[in-house]
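Enquirer: Sequence first, predicted model second:
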Amino acid sequence: MDEILEILEKDGCATAQDIAKMLKKKPENIKQAIKKYEKEGVILGYKAMINKELIKDAGSRVRALIEVNITPQKDLGFEKIAERIYSFPEVTSCYLISGTYDLLLIVEGKDLHSVAGFVSEKLAPLENIRGTATHFLLKKYKEDGVVLKHREENKRIAISY
Amino acid sequence: MKNIISTKVKNMQPSGIRAFFDLVLGMKEVISLGVGEPDFVTPWQIREAGIYSLEQGYTSYTSNKGLYKLRLGLNRFLKSEYGVEYCPDEEMLITVGVSEGLDLALRALLNPGDKILIPTPCYVSYGPMTELAGGEPVYIDTSKDGFKLKPGVLEKHIDKKVKGIILNYPANPTGVSYTRKELEEIKKILLKHGLICIVDEVYADLTYDFEHTCFASLKGAKNNTVYLNGFSKSYAMTGWRVGFACGPKEIIAAMTKIHQYSIMCVPITSQMAACEALQAGRRSVEEMKREYKRRREYIIGELNRIGLVCSKPQGAFYAFATLKKTGMSSMEFCQKLLKEQKVAIVPGTAFGENTKDYIRISYASSLDNLKEAISRIETFLKNKK
Ligand SMILES: Cc1ncc(COP(=O)(O)O)c(C=O)c1O
């Protein structure tokens, strides 16, 4: 993978200037490369990772992993039905998986009822859906490689040979 | 109670910058670029292997030489990485870091009055350990040669009393390393005079611009080489205290003799973790190396931009910058910088006589820290004008 992407994947705030300094390239070239990645859809966006458990007024959101069983459509396979499902704003992630189920969704709602309502009223009635299994998430420990802990204190001694 | 401490220890040079270190340690919220160890924690697989070994009840001594499994793993690693073959039974010893390996080698080799050549600036323990082992350090100033030992300069320092040299590359504090061709030249002279090369390659895995050459892999060098390395820097394992020494059977046997009485063996937990490091840690080594390399580009560019001139180090994680443009001595610079801007760096005087106007900047620190430190140093320099 291009080192520009490696850097941005870790730190979306890294400026073209800083990246240029790290890779010993011209800032303009880095800017161009990033533009190109954005245009091609390699870089889809930038956002902050927020630990919502630390925010008092974030409004407690409920999240559930939902496994979905589907009858694939002739010629279209899973694509069409997956699109119908992931277009719902409640669905924050959608994966095609191997194993007993076909799709794995992450669904967010403001409380248990709204998630349950989404499953029973929106998801389950869709044609081609043969069954669902809903798992509510109780606690987040790690997400996308980031451990949800407050920044750890420095354990090294401040100066050494 | 006047003479309670041995004369030898009494005569050891007290480190002139101890007081400065204490000052740093007593201060809060300092940004430190003065740290001589990785800022990464040991990769999890390795930590997990240590924990697992404890759970399994591995809490005993190991053989004096160290776990056979670890020596075998090292044998394979050295063969595949450098094409050097050391016999796990007779030519290898697991040590408490390079630190112990160095101490053992010097004690095993030196008779009173034997001289050891030490290119400077150098890692702080070379001189004192040589003296404690009864030898006499002969410092070779490399500050005029871009901090590289030049073959001609080396040869000038050799006389009948000289038994060997301590060679360190990539080097702490300068980051300087040597190409195979340069090492060949040094080797030729050492062999010509029958000298032993105690080589400290603890930063070998952090070589950025060319392939690291293991000194023992040079043709004909192995018989005169005591090869020291360890897990501290490559695998971010400084606190585990594991290293290894490889060399001719006779020397390793002598070192093992001392080791069996003074240390017995390296803690088994650390040895178990080191086995895992060789198995599963190489990927992490590569990842950390890429990160250091990016920081190197960043910090070297920035230091030169703000007037702290330094050439690009080829390895380790240090930049060695000159203060000539500032007109300050390194001690003055470091003290004032600490007081005024709360940035800690190590004065060049810590590493030798001829580096009074140099500072060592460690880039084993996050980019955010490096950025903040540079901005503070820049402010500091502007205020001094
Ligand atoms: C050049 C050099 N040699 C040896 C050591 C000590 O290494 P170890 O942790 O293996 O004892 C260090 C640590 O800073 C070093 O910089």
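Expert: Looks like it came in fine. Numbers count the residues shown, from 1 in each chain, chains lettered A, B, ... in the order given.
Enquirer: in the stretch 151-300 of chain B, which spans are helices?
Expert: Ranges of helices in the stretch 151-300 of chain B, per DSSP state H, counting those that start in this stretch, are B:151-156, B:180-192, B:249-262, B:268-280, B:282-305.
Enquirer: what about the helix or strand of chain A with the lowest mean pLDDT and chain B, touching?
Expert: One helix or strand of chain A scores below all others by mean pLDDT, DSSP states H and E: strand A:146-147, with a mean of 84. No. Remark: strand A:146-147 sits outside contact range of chain B, by CB under 8 Å from any CB of the partner chain, the gap being at least 10.8 Å. (Glycine included, C-beta is placed from N, CA and C.)
Enquirer: now that strand, how far from the centre of its chain.
Expert: Centre-to-centre, strand A:146-147 and its host chain are 13 Å apart (CA atoms, centre = their mean, to the nearest Å).
Enquirer: So what touches that strand?
Expert: Residues from elsewhere that reach strand A:146-147 (CB atoms under 8 Å, 6 or more residues apart in numbering or on different chains): A:49, A:141.
Enquirer: and it, which strands flank it?
Expert: According to DSSP bridges, strand A:146-147 has the following sheet partners: strand A:142-143 (antiparallel).
Enquirer: Apart from its neighbours in sequence, what residue is nearest the residue nearest the centre of chain A?
Expert: Geometric centre of chain A, nearest residue: residue A:93, 6.1 Å, by CA atoms, centre = their mean. Leaving aside its chain neighbours, residue A:93 sits nearest to residue A:106 (4.0 Å; criterion: CB to CB, 6 or more residues apart in numbering or on different chains).
Enquirer: List the buried residues for the helix or strand containing that neighbour?
Expert: For residue A:106, the host element (DSSP states H and E) is strand A:103-109. Within strand A:103-109, the residues that count as buried by 16 or more other CB atoms under 10 Å in any protein chain shown are A:103, A:105, A:107-109.
Enquirer: So the closest residue in space to residue A:70 that isn't next to it in sequence versus chain B, what's the distance?
Expert: Distances taken as CB to CB, 6+ apart put residue A:102 closest to residue A:70, at 4.6 Å, once the chain neighbours are dropped. Going from residue A:102 to chain B by CB to the nearest CB, to the nearest Å gives 33 Å.
Enquirer: now swap in residue A:57 and tell me
Expert: Counting by CB to the nearest CB, the gap from residue A:57 to chain B is 28 Å.
Enquirer: Enumerate the residues of chain A near the ligand.
Expert: Contact residues (CB under 6 Å from any ligand atom) of chain A with the ligand: residue A:161.
Enquirer: cool, chain B as well?
Expert: By CB under 6 Å from any ligand atom, the residues of chain B that approach the ligand are B:36, B:97-99, B:123, B:168, B:172, B:200, B:202, B:230, B:232, B:238, B:243.
Enquirer: Widest-spaced pair of these?
Expert: Using CB to CB, the residues of chain B next to the ligand reach their maximum pairwise distance at B:168 and B:238, which is 16.5 Å.
Enquirer: who has more neighbours, the two?
Expert: Taking other CB atoms under 10 Å in any protein chain shown, residue B:168 and residue B:238 do not tie; residue B:168 has more neighbours (24 against 19).
Enquirer: Please list all residues in contact with the more buried one.
Expert: Residue B:168 neighbours (CB under 8 Å, 6+ apart): B:119, B:122-123, B:126, B:199-202.
Enquirer: What is the nearest of the residues you listed to residue B:32?
Expert: The closest of the contacts of residue B:168, once distances to residue B:32 are taken by CB to CB, is residue B:123, at 18.7 Å.
Enquirer: wait, that closest one sits on residue A:160?
Expert: No. Residue B:123 is beyond contact range of residue A:160, at 11.6 Å (criterion: CB atoms under 8 Å).
Enquirer: nearest residue to residue B:235 other than its sequence neighbours?
Expert: Per CB to CB, 6+ apart, closest to residue B:235 is residue B:277, 4.6 Å.
Enquirer: That neighbour touches residue B:237, doesn't it?
Expert: Yes. If you go by CB under 8 Å, residue B:277 and residue B:237 touch, sitting 6.8 Å apart.
Enquirer: what do these two both touch?
Expert: By CB under 8 Å, 6+ apart, residue B:277 and residue B:237 have these common neighbours: B:46, B:231.
Enquirer: I would like the residues contacting stretch B:215-224, please.
Expert: B:82-84, B:86, B:167, B:180, B:183-184, B:187, B:190-191, B:194-197, B:199, B:201, B:225, B:227, B:246, B:248.
Enquirer: In chain A, mark out all the strands, start to finish.
Expert: A:62-70, A:91-96, A:103-109, A:129-136, A:142-143, A:146-147 (DSSP state E).
Enquirer: weakest of those in terms of mean pLDDT?
Expert: For the strands of chain A, mean pLDDT drops lowest on strand A:146-147, to a mean of 84.
Enquirer: Of residue B:123 and residue A:160, which one has the most company?
Expert: Each of residue B:123 and residue A:160 has its neighbours counted (other CB under 10 Å); residue B:123 has more, 23 against 17.
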